[in-house]
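Student: I'll drop the sequence and a predicted model, then ask my questions.
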Amino acid sequence: MQIRRAQTHDAPGIAAVHVRSWQAAFSGLVPQEHLDSLDPAREALTWTGRLTQPRRPGAGVLVAETLEGIVAFASYAPGRTAGTAEIGMLYALPEVWGSGVGSSLLAAVVDEFTEAGFTRATLWVLEANDRARRFYEASGWRQDGAVEVDTSSGLPLIKLRYRRPLLPRLASELIRTERLVLLPLAVEHADEMAKALADPSLHTFIGGAPDTVEALRSRYARMLAGAPDPAVSWCNWVISLRAESCLAGTVQATVRPSGHGRTAEVAWVVGTPWQGRGVATEAARALVGWLADRSVHTAVAHVHSDHLASAAVAAAAGLRPTDRVRDGEVRWQADLAMSPRPS
């Protein structure tokens, strides 16, 4: 499958997707007479007209294409307020629902918005269209309270507005502290890290067993490929000890949009030979400081209630325990916009 900008000759394919997706998705939601009246040939003429018009800045149409032809499309344009982009349509053939085509197309549109400098995006969904609402919510879109009534089908239909912030992905960068260098993760680190994290006791609280070199290389490759959601950043480092010129552990942050900024879930692990030396504390403090400098407003960590050493690291990094517990792990949190920088 490829995702590309639509051309004028794509009009018939887009029209076919438009009509078939409407007839399948909105059956029982809009008057059947309206669905039956949809004509691919007429829609093709409409799309030809749209695609021959000069492209406005920040506007466009993307298509998802397979060997069978166009299977999905999305149209978008600048929104009604400055800095906002809006998805006007995103439709896919019923045969590809649930296949990931729609998610890939949505991610491509979000990439377009981010590259164009928009800071937030909106779209409208029929209130009764549960499938579409679940689809967008799974990709981080949330209702913002706006409602409008659409009468274009001959029946009043309630539409809800969904919104999400748009922020460029963060990329791991070199971080230096007094004793450590946090190196952006590379697949090549797997050989040394497999030895550094080989002690089964490291899995007492998280379960599982130490990875082999091959398994770790595969896992690192997946992590470096990035999150499927373009708004989510997977930032990963290995901890290098300056004096000993060796790798001793890892720190990571999963950064995602939240409210008017970003939230990061952080984690760390240090190999048994280097524990008790303040390595995890120094690395976690450096990580939290790096995140605070990049408009991350909240840092979160989940620490097992019995893991006292990890709780001490979280506290030293400026996080505080909350009353929220998930699977035996306590949620620790810091407001980076308000908290003093850990030192």
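Tutor: That came through, no problem.

Student: Tell me which stretches of the stretch 101-250 of the chain form strands.
Tutor: With DSSP state E, counting those that start in this stretch as the criterion, the stretch 101-250 of the chain has strands at 120-126, 142-150, 157-165, 175-176, 180-184, 233-241, 246-258.

Student: List the buried residues for the third one?
Tutor: It refers to strand 157-165. For strand 157-165, the neighbour count (16 or more other C-beta atoms under 10 Å) marks 157, 159-165 as buried. (C-beta placed from N, C-alpha, C; glycine too.)

Student: Go through these and say which is closest to V279.
Tutor: Of all the buried residues of strand 157-165, P165 has the smallest distance to V279: 34.6 Å, by C-beta to C-beta.

Student: Settle this for me: that closest one is touching R120, isn't it.
Tutor: Yes: using C-beta atoms under 8 Å, P165 is in contact with R120, at 5.2 Å.

Student: and the nearest residue to P257 once chain neighbours are set aside, what pLDDT?
Tutor: Closest residue in space to P257, ignoring its immediate chain neighbours: P165 at 4.3 Å, by C-beta to C-beta, 6 or more residues apart in numbering. According to the prediction, P165 has pLDDT 81.

Student: do P342 as well
Tutor: Predicted confidence (pLDDT) for P342: 53.

Student: Next: S339.
Tutor: For S339, the predicted pLDDT is 53.

Student: all helices of the stretch 151-300 of the chain, in order?
Tutor: For the stretch 151-300 of the chain, applying DSSP state H, counting those that start in this stretch gives helices covering 190-196, 213-225, 279-292.

Student: Deepest in the core, which of the ones you listed is it.
Tutor: Greatest average neighbour count among the helices of the stretch 151-300 of the chain goes to helix 279-292 (a mean of 22), per mean count of other C-beta atoms under 10 Å.

Student: what's that helix in contact with?
Tutor: Helix 279-292 is contacted from outside by 173, 175, 177-180, 182, 237, 239, 241, 248-249, 251, 253, 255, 264, 266, 268-270, 299, 309-310, 312-314, 316-319, 334, 336-337, 341-343, using C-beta atoms under 8 Å, 6 or more residues apart in numbering.

Student: which residues of the protein score low on pLDDT?
Tutor: 230, 259-261, 338-343 (pLDDT under 70).

Student: Need the three-state assignment for the closest residue to E329 other than its chain neighbours.
Tutor: Closest residue to E329 apart from its sequence neighbours, by C-beta to C-beta, 6+ apart: H302 at 4.1 Å. Of the three states, H302 takes strand under DSSP: H, G, I helix; E, B strand; the rest coil.

Student: show me what contacts H302?
Tutor: H302 neighbours (C-beta under 8 Å, 6+ apart): 265, 267, 326, 329-332.

Student: picking that back up, distance of the residue nearest to P257 relative to P78?
Tutor: Noted for P165: a distance of 16 Å to P78, by C-beta to C-beta, to the nearest Å.

Student: I'd say A311 and P321 touch.
Tutor: Yes: between A311 and P321 a contact is recorded at 7.4 Å, counting by C-beta under 8 Å.

Student: Give me the common contacts of those two.
Tutor: The contact lists of A311 and P321 share 303, 330, 332, where a contact means C-beta under 8 Å, 6+ apart.

Student: Out of those, which comes closest to P54?
Tutor: Nearest to P54 among the shared contacts of A311 and P321: W332, at 52.8 Å, using C-beta to C-beta.

Student: May I ask which helix or strand encompasses that closest one?
Tutor: Assigned by DSSP states H and E, W332 falls within strand 329-335.

Student: what's that strand packed up against?
Tutor: strand 296-304, helix 308-316, strand 320-326 (3 or more C-beta pairs under 8 Å, 6 or more residues apart in numbering; DSSP states H and E).

Student: How far off centre is the second one?
Tutor: Same thing as helix 308-316. 28 Å (C-alpha atoms, centre = their mean, to the nearest Å).

Student: for the shortest one, same thing?
Tutor: In terms of C-alpha atoms, centre = their mean, the centre of strand 320-326 is found 24 Å from the chain centre.

Student: for the strands of the stretch 101-250 of the chain, which one ends up most surrounded?
Tutor: Highest mean neighbour count of the strands of the stretch 101-250 of the chain: strand 233-241, a mean of 22 (counted as mean count of other C-beta under 10 Å).

Student: Sheet partners, orientation included, of the strand holding W332?
Tutor: Taking DSSP bridges as the criterion, strand 329-335 forms sheet pairs with strand 296-304 (antiparallel), strand 320-326 (antiparallel).

Student: so which of these gets nearest V125?
Tutor: strand 296-304 (27.6 Å).

Student: gap between that closest one and the chain center?
Tutor: 17 Å.

Student: what separates the nearest residue to H203 once chain neighbours are set aside from L216, distance-wise?
Tutor: With sequence-adjacent residues excluded and distances taken as C-beta to C-beta, 6+ apart, H203 is closest to A209, at 6.0 Å. Distance from A209 to L216, counting by C-beta to C-beta: 12 Å.

Student: quick one on the thing from earlier: adding distance to V288, write the strands of the stretch 101-250 of the chain out as CSV.
Tutor: Listed next are the strands of the stretch 101-250 of the chain as CSV, based on distance: least, C-beta to C-beta, whole Å:
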stretch, distance to V288
strand 120-126, 26
strand 142-150, 26
strand 157-165, 21
strand 175-176, 11
strand 180-184, 12
strand 233-241, 12
strand 246-258, 9
